[in-house]
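Engineer: fold the following and give me the result.
(2 chains)
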2 protein chains.
Amino acid sequence: MIKVVILGAGNLAFHLTEKLLNNNSVDLVQVYNRSISKIHYLEHKTLITNNLNELKEADIYIISVSDNAISELSSKLNLNDKLIVHTSGAAHINELKSNSKKGVFYPLQSFSKDKEIEFSNIPICIEATTKSDLLLLGKLASSISTKCYKINSEQRKTLHVAAVFVNNFVNHMYFIGNEICDTNNIPFEILHPLIEETANKIKNLSAFDAQTGPAIRNDSKTIKKHIASLNEDQQNIYSTLTKSILKTYGEKL
Amino acid sequence: MIKVVILGAGNLAFHLTEKLLNNNSVDLVQVYNRSISKIHYLEHKTLITNNLNELKEADIYIISVSDNAISELSSKLNLNDKLIVHTSGAAHINELKSNSKKGVFYPLQSFSKDKEIEFSNIPICIEATTKSDLLLLGKLASSISTKCYKINSEQRKTLHVAAVFVNNFVNHMYFIGNEICDTNNIPFEILHPLIEETANKIKNLSAFDAQTGPAIRNDSKTIKKHIASLNEDQQNIYSTLTKSILKTYGEKL
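Structural biologist: Just a heads-up that it's a prediction; the model follows:
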């Protein structure tokens, strides 16, 4: 049994806690959070605390807090030779400020509290400074997912930027599509099959080859009509992305 | 049996031809294309022609060509009281220039020639000027899909703009994500589960509630690091979309 303490109560910490509580290879001995009210719901499932001096003994301490808070929180920990990891896609392993052993345990997925997550398909990117720590993190990763990758801080930074494009920015495109439908009283649901197909397509086709629409056809008449129908903020995004698509294919076709 | 002639050989025409050839309720009597070489592969399956004076008799003539060509092609048709429809999301029904009856048969999906399409889940948006024509188009739509919507030209224009955001622009985000991975020798496949989850999420959660990432957290440190790692074109898109996300939540949270 790998003994784990989780520090944090954000979206990822929440889902990781749920997953590790129901895991035969792991003993989730404690959850820490600065504000105890956010983890009160766990009090009958594991130990909870808001006091860093009360942390229990464990093999791995998982810091799952906002990127800006990793340094400060880790600097307050006095855990001797224990392994401390963060779960951030963007933060370097050396953001961990402590004398303990360092690592990263980054599940590459987008977590929302209101949406259940199937962990088994999530790529877990791990990093450590010693082989034995890497093995330990690999063991933890394997207990919750079938996909584990050894990824260093530089590579993880790249992955995280790419993830912002394919997740955050994609979701914002959904938001604007929804907004346009709402403004004109059309149910956004009509677009769900298109959204699904767009995501499915790139499993078998490169995004370069999968592109369709007025921009790649340089269909200026339709582009003008579209822009005229949008509000100023939407127009700005439409123009920026249309220009980028035109440039992508103008140069490569 | 509904007798159909298809005019065109683009992505949509290609898939529609395949679907109607294998449809018990439809007799695809002929396919027309300006360049006969593009439809030669059909010569043992149906009649083909590149001569508009040789069009056979049918109940519905489906014009599936680029938006810019709909007016010109339709103006050349002499089909008396037959029903002529286009398949465009962006073109008004009156782009059809002919004395025949007019309609629209718009499958709301993105078609790539290299990717097979399951039509049964695709919303088909139909429009006509008479009840009987609408019924006929509804019958044709029902023979290939379970989802048929009566959508007028104004509504379809809205849907089409929204579709550009959730399909074309989303695919361009995938392209840039892929480009970033390629530049840094990371397999893009690691991001596939995230892409799938992002698309699945909005079936149960609004895009507004599903948003995560550095922009919504206003995590300026990560945003700056990301921008520094991108090329100029990527930076431009990153900044535009990050500002838009900040504005969306700054105003609404």
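
Engineer: how about the residue lying closest to residue A:114 once chain neighbours are set aside, what does it touch?
Structural biologist: Spatial nearest neighbour of residue A:114, excluding adjacent residues (Cβ to Cβ, 6 or more residues apart in numbering or on different chains): residue B:205 at 6.0 Å. Every C-beta, even on glycine, is put in place using the N, C-alpha and C of the backbone. If you count contacts by Cβ atoms under 8 Å, 6 or more residues apart in numbering or on different chains, residue B:205 has them with A:112, A:114, A:115.

Engineer: what does residue A:207 give?
Structural biologist: B:171, B:172, B:174, B:175, B:177, B:178.

Engineer: now the contacts of residue B:205 in TSV, please, with extra columns for secondary structure, neighbour count and pLDDT.
Structural biologist: Output for the contacts of residue B:205, formatted as TSV (DSSP: H, G, I helix; E, B strand; the rest coil; neighbours: other Cβ atoms under 10 Å in any protein chain shown; pLDDT from 0 to 100):
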residue	secondary structure	neighbour count	pLDDT
A:112	coil	18	73
A:114	coil	10	73
A:115	coil	18	73
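
Engineer: for residue A:250, state which of those is nearest.
Structural biologist: Distance to residue A:250 across those (Cβ to Cβ) is lowest for residue A:112, with 37.6 Å.

Engineer: doesn't residue B:209 make contact with that closest one?
Structural biologist: Yes: between residue A:112 and residue B:209 there is a contact at 7.0 Å, judged by Cβ atoms under 8 Å.

Engineer: and residue A:107, its phi and psi?
Structural biologist: Main-chain torsions, residue A:107, degrees, to the nearest 10: phi -80, psi 120.

Engineer: hmm, it is touching residue A:121, no?
Structural biologist: No: applying Cβ under 8 Å, one finds residue A:107 not in contact with residue A:121, separated by 10.6 Å.

Engineer: overlap in contacts of those two?
Structural biologist: Listed contacts common to residue A:107 and residue A:121 are residue A:145; contacts here mean Cβ under 8 Å, 6+ apart.

Engineer: helices along chain A, start to end?
Structural biologist: Here chain A has its helices, by DSSP state H, at A:11-21, A:70-75, A:131-142, A:153-163, A:170-183, A:192-201, A:207-210, A:220-228, A:232-252.

Engineer: most tightly packed of those?
Structural biologist: Mean neighbour count (mean count of other Cβ atoms under 10 Å in any protein chain shown) peaks for helix A:170-183 among the helices of chain A, with a mean of 23.

Engineer: can I get it in PDB? Just the C-alpha atoms.
Structural biologist: Extracted in PDB, the C-alpha atoms of helix A:170-183 (Å, rounded to 0.1, in the frame of the first residue of the first chain):
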ATOM      1  CA  VAL A 170     -11.600  24.900 -27.700                       C
ATOM      2  CA  ASN A 171     -14.100  25.200 -24.800                       C
ATOM      3  CA  HIS A 172     -14.200  29.000 -25.300                       C
ATOM      4  CA  MET A 173     -15.100  28.300 -29.000                       C
ATOM      5  CA  TYR A 174     -18.000  26.200 -27.700                       C
ATOM      6  CA  PHE A 175     -19.000  29.000 -25.400                       C
ATOM      7  CA  ILE A 176     -19.100  31.500 -28.200                       C
ATOM      8  CA  GLY A 177     -21.000  29.000 -30.400                       C
ATOM      9  CA  ASN A 178     -23.500  28.700 -27.600                       C
ATOM     10  CA  GLU A 179     -23.700  32.400 -27.100                       C
ATOM     11  CA  ILE A 180     -24.500  32.900 -30.900                       C
ATOM     12  CA  CYS A 181     -27.200  30.200 -30.700                       C
ATOM     13  CA  ASP A 182     -28.800  31.700 -27.500                       C
ATOM     14  CA  THR A 183     -28.900  35.200 -29.100                       C
END
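
Engineer: before we move on, back to that, can you redo the helices of chain A as TSV with distance to residue B:188?
Structural biologist: TSV is the format used below for the helices of chain A (distance: least, Cβ to Cβ, whole Å):
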stretch	distance to residue B:188
helix A:11-21	23
helix A:70-75	27
helix A:131-142	21
helix A:153-163	8
helix A:170-183	14
helix A:192-201	13
helix A:207-210	9
helix A:220-228	28
helix A:232-252	16
